[in-house]
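Chemist: Build me a model:
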Amino acid sequence: MEAQAQGLLETDPLQGRDESTVASADFSSMLSEEEKEELKAELVQLEDEITTLRQVLSAKERHLVEIKQKLGMNLMNELKQNFSKSWHDMQTTTAYKKTHETLSHAGQKATAAFSNVGTAISKKFGDMRNSPTFKSFEERVETTVTSLKTKVGGMNHSGGSFEEVLSSTAHASAQSSVGGPLRAEEEELQC
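Modeler: Numbering: from 1, shown residues only. The predicted model follows:
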């Protein structure tokens, strides 16, 4: 009995299955003819009011569009204005200001930290380059490059840059390959 009483006293909105139950229920048998006529008249009046309100709203929307056109306002301008206003409103909030200050402060600290790290790395590279180990390595590389230049350049001790040595070697190689077929043609002509 208590469950039935509670069901009648529920104030929660109707759920999906409840709506379908109410929609399929026939309440017309519980109404008198006079009440049915009053409800039908009220229904017609509400439908007429809704139709009138829709017409008024449509007319007002057309008038709004006309005024905006006369003022040169279009959808893109409205979007820009709305965005600008929203952006301004957001920037003036306390949360945005605090976040901006925090991130700005963090950025300044990060910049200072990176600068210090860069300075420290530069100093370490400078120290390393001036170290005896690096000097020894540098001398060995120079000796190896000089040795390669001598070997690639052959007996030509004229010196020159590595590029000059490569160029002269390529030139000599090209002459020997060009000279082969030309000599064969000269021999044929002499016969």
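
Chemist: who does the helix or strand encompassing T144 touch, helix- and strand-wise?
Modeler: Using DSSP states H and E, T144 sits in helix 132-153. Here helix 132-153 touches helix 162-190, going by 3 or more C-beta pairs under 8 Å, 6 or more residues apart in numbering; DSSP states H and E. For the C-beta atoms, the positions are set from N, CA and C on the backbone; glycine is no exception.

Chemist: If we use 10 Å, what do you get?
Modeler: Where contact means 3 or more C-beta pairs under 10 Å, 6 or more residues apart in numbering; DSSP states H and E, helix 132-153 is packed against helix 94-129, helix 162-190.

Chemist: Lowest average confidence across those helices, which one?
Modeler: The minimum mean pLDDT among the helices and strands packed on helix 132-153 belongs to helix 162-190 (a mean of 58).

Chemist: any idea of the mean pLDDT in the biggest helix by length in the chain?
Modeler: When the chain is parsed with DSSP state H, its longest helix is helix 33-70. Taken as a whole, helix 33-70 carries a mean pLDDT of 93.

Chemist: following that helix, which helix or strand shows up next?
Modeler: Heading C-terminal from helix 33-70 (DSSP H and E), you reach helix 75-91.

Chemist: how many degrees apart are that following helix and helix 94-129 in direction?
Modeler: 80 degrees (axes from the mean of the first three to the mean of the last three C-alpha atoms, to 10 degrees).

Chemist: what is the orientation angle of helix 75-91 with helix 33-70?
Modeler: Inter-element angle recorded for helix 75-91 and helix 33-70: 100 degrees (by the same axes, to 10 degrees).

Chemist: list the helices and strands helix 75-91 packs on?
Modeler: For helix 75-91, the elements it packs on are helix 33-70, helix 94-129, judged by 3+ C-beta pairs under 10 Å, 6+ apart.

Chemist: Pop the domain breakdown of this structure in here.
Modeler: The record's domain parsing of the chain by the TED database lists 33-92, 94-151.

Chemist: and those as a markdown table, adding distance to E164 and mean neighbour count?
Modeler: Output for the domains of the chain, formatted as a markdown table (distance: least, C-beta to C-beta, whole Å; neighbours: other C-beta atoms under 10 Å):
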| stretch | distance to E164 | mean neighbour count |
| --- | --- | --- |
| domain 33-92 | 64 | 10 |
| domain 94-151 | 9 | 10 |
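
Chemist: so which of the ones you listed comes closest to E163?
Modeler: domain 94-151 (10.4 Å; C-beta to C-beta).

Chemist: could you give me the average pLDDT of stretch 145-154?
Modeler: 78.

Chemist: before we move on, the earlier item: can you lay out the domains of the chain as CSV showing distance to T169?
Modeler: CSV is the format used below for these (distance: least, C-beta to C-beta, whole Å):
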stretch, distance to T169
domain 33-92, 67
domain 94-151, 11
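
Chemist: nearest to S168, of those domains?
Modeler: domain 94-151 (11.1 Å).
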